[in-house]
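S.K.: What shape does this take:
(2 chains)
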Amino acid sequence: MNRLAVAAVAIAVIGAVTAPFLLKSFGIYLISMWAVLTVAAIGLNLTLGYAGQISLAQGAFVGIGAYCVGLLTPAGVPYFVAFACAGLLCFGIGWILGYPALRVQHHYLAFVTLAFTTLVFLVLRNEEWLTNGIYGINAIPRPTLLGWSANSALNFYFFSLGMLIAISLATWWLLRSPWGRAFAALRENPIRALSLGLDTRRYTLMAFAIGSSLGGLSGALYAPLVQFIEPSSFALGLSFNLLLMVIVGGSGFFFGPFVGALIAVLLPEWMRIAQGYYLIVYAAMVMMLMAFCPSGILGLIERAIKAAAARGSPAARELSAEEAGP
Amino acid sequence: MASFIQLLVSGLATGAIYALIAVGFTLLWQTSQTINFAQGEFVMLPAFFILAAVDLGAPFWLAALIGIALSVLILGVLFKLIIVDPMLKYGVMPLVISSIALSLFLKESAKDFYSAQAQPFPALVPPIDIHIFEAVISTQSIVVLAVAIATVAALQFLLDKTRLGRCMQATAQNPTLAIILGIPVRRMVLYAFLLNAALVAIASILISPIYLAKFTNGETLGTAAFLAAIIGGFNQVRGAILGGVILGILDNLSAAYISSQYRGAFPLMILIAVILLRPHGLLGRIEERTV
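M.R.: Modelled structure (predicted):
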């Protein structure tokens, strides 16, 4: 990481810590939602950005995690046990789903995961004895940590932010490990990775299952944040939304999901003037971004920085011209 | 028995419409590796073109022609030039994302610029019930089936018996070789987009009287088309037809005889079974992997 990136991250962390003191309660709710959805987007970025597989199941994993916590904590199970259960459950389900689904790749996987999301929605809606159906689950308690209660909006924000930072650090460590490098090798050239002796299917499956478990953890934070969950929150729309977040931010960039989730959460608020039209504008923006820079906003920034550096030195100019060439 | 026949016929009619949508979907995939996640919205939209033309005072037959023409222009030509062409060089993934965004764009546009309410849509024939062996069959189902079969037959004739159709097939099977043989490949790809736009417009005219014209229609229709295409085989037109028909019949029968709550789940289970046991679909060819 170069100096510029370190400075950007430092500013972002300071911003994230000071922001809630400048905001009203709805603003704090929004940035808490940002932190929660970013966790899910980080998970999807592992699957999509690093293992190169389109998954439309992330919303369903958020739902499974949310219902796990929403059902266990009112029954008296400590929050952190329920939180761990959500992660493990989604890891297991992700493994079981991925095992057959990853025999086929790319668009097939997109459709299998799409089917899975619809199935999960149907189960959540129809199995009323367990999930209370369309009436949802109410009054989910917020956690208490060694006597410190995360009940107020402000405290819950810091709780989610803390969780986000912990999960980001764990993911950072994972991506630096030999495993993470194997993930990147899969994305860049799966056939070469295979011929270098990587068990590509196993690593793809691992990336998918870990990504799914992060979806579950995100759901485990979502349930106490919203305190009311119902099946339609976790229908296909959420999966599409998470996918767009990762892509808009920049898939394969570590900080892509942070940027993408911020835009997806804040854009409706910024565009209050446009009212119902904001989704049209958002969709048009995504299409334009895909046409001009499929690597997302961070890809755009990276390109701009390289261009600026190229203006400085002739050698760098040649280098960036070479990269832009093919 | 009577109710079984009724369910079978109405299932066949829905299945025939799914088949039309799925055939268009596979045509795009075969000729340009485009996976159109907005295919369902492509079916939703022509109904609104037609309603808008009717609102302006056109008789229904003229409105339908205007609807098909607008659909070919916007969902065929403009879709290819503005969305697909700039993105083909990046590979499959950005185009998938872009078509997901396009589906959102079309859905919200129909909602904001026409209406969020379901709109009644004129039927091709007045719905009269015909009694055959105690079974009650609507004329609507019969007309839907007849139009769908005629459309598919015309398409098959075009693809198999005409020079143009053979050129398109050659383009789908091996673009490089097609270029060497002097086939204008780019134009053939464009024709596939035009055919797809015409197919979705016809499907829209057939399905809207049954489902009403509603901006959310695309979600279920699009999913049905993907499922039909995968179950039947992604790279075969007749696979998509088979997949569509299976899906339509299964949907109706399972809702009636097994569980209406889980009617949406059965096609998905078939999908997962097909992908596990025959990933290339029931009638599909195995695509060789290129290094």
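S.K.: Please count neighbours and contacts with C-alpha atoms only from this point.
M.R.: OK.
S.K.: Model confidence for residue 59, exactly?
M.R.: Unless you meant another one, I'm taking chain A. Note for A:G59: predicted pLDDT of 95.
S.K.: hmm, I had chain B in mind actually
M.R.: According to the model, B:P59 carries a pLDDT of 90.
S.K.: now do B:I286
M.R.: Note for B:I286: predicted pLDDT of 68.
S.K.: just A:E318 next, same as before
M.R.: In this model, A:E318 carries a pLDDT of 54.
S.K.: got the buried residues for stretch A:166-174?
M.R.: Judged by neighbour count (16 or more other C-alpha atoms under 10 Å in any protein chain shown), stretch A:166-174 contains these buried residues: A:167-168, A:171.
S.K.: er, stretch B:258-276 I mean
M.R.: Going by neighbour count (16+ other C-alpha under 10 Å), the buried part of stretch B:258-276 is B:262-268, B:270-272, B:274-276.
S.K.: What of stretch A:130-140?
M.R.: Neighbour-count burial for stretch A:130-140 [16+ other C-alpha under 10 Å]: A:131-133, A:136-137, A:140.
S.K.: what separates it from the chain centre, distance-wise?
M.R.: Its chain's average C-alpha position is 24 Å from that of stretch A:130-140, according to C-alpha atoms, centre = their mean, to the nearest Å.
S.K.: Closest one of the buried residues of stretch A:130-140 to chain B?
M.R.: The nearest member of the buried residues of stretch A:130-140 to chain B, counting by C-alpha to the nearest C-alpha, is A:G133 at 11.7 Å.
S.K.: follow-up on the earlier one: pull the most distant pair out of the buried residues of stretch A:130-140.
M.R.: When these are compared pair by pair using C-alpha to C-alpha, the two farthest from each other are A:G133 and A:I140, 15.9 Å apart.
S.K.: re earlier: and the buried residues of stretch B:258-276 near chain A, which?
M.R.: Near chain A, judged by C-alpha under 8 Å from any C-alpha of the partner chain, the entries from the buried residues of stretch B:258-276 are B:262, B:264-265, B:268, B:271-272, B:275-276.
S.K.: pLDDT wise, what is the residue nearest to the spatial centre of chain A at?
M.R.: With the centre of chain A defined as its mean C-alpha position, the nearest residue by C-alpha atoms, centre = their mean is A:A41, 0.8 Å away. On the pLDDT scale, A:A41 is placed at 95.
S.K.: Excluding chain neighbours, what is closest to it?
M.R.: Nearest residue to A:A41 in three dimensions, chain neighbours excluded: A:P257, at 5.3 Å (C-alpha to C-alpha, 6 or more residues apart in numbering or on different chains).
S.K.: what about the one you found, how many neighbours?
M.R.: Per other C-alpha atoms under 10 Å in any protein chain shown, the neighbour tally for A:P257 reads 31.
S.K.: my read is it is in a helix, agree?
M.R.: Yes - read with DSSP: H, G, I helix; E, B strand; the rest coil, A:P257 is one of the residues of a helix.
S.K.: Could I get the full set of helices for the stretch 151-300 of chain A?
M.R.: Taking DSSP state H, counting those that start in this stretch as the criterion, the stretch 151-300 of chain A contains helices spanning A:153-176, A:178-188, A:190-195, A:200-226, A:236-249, A:256-270, A:278-292, A:296-312.
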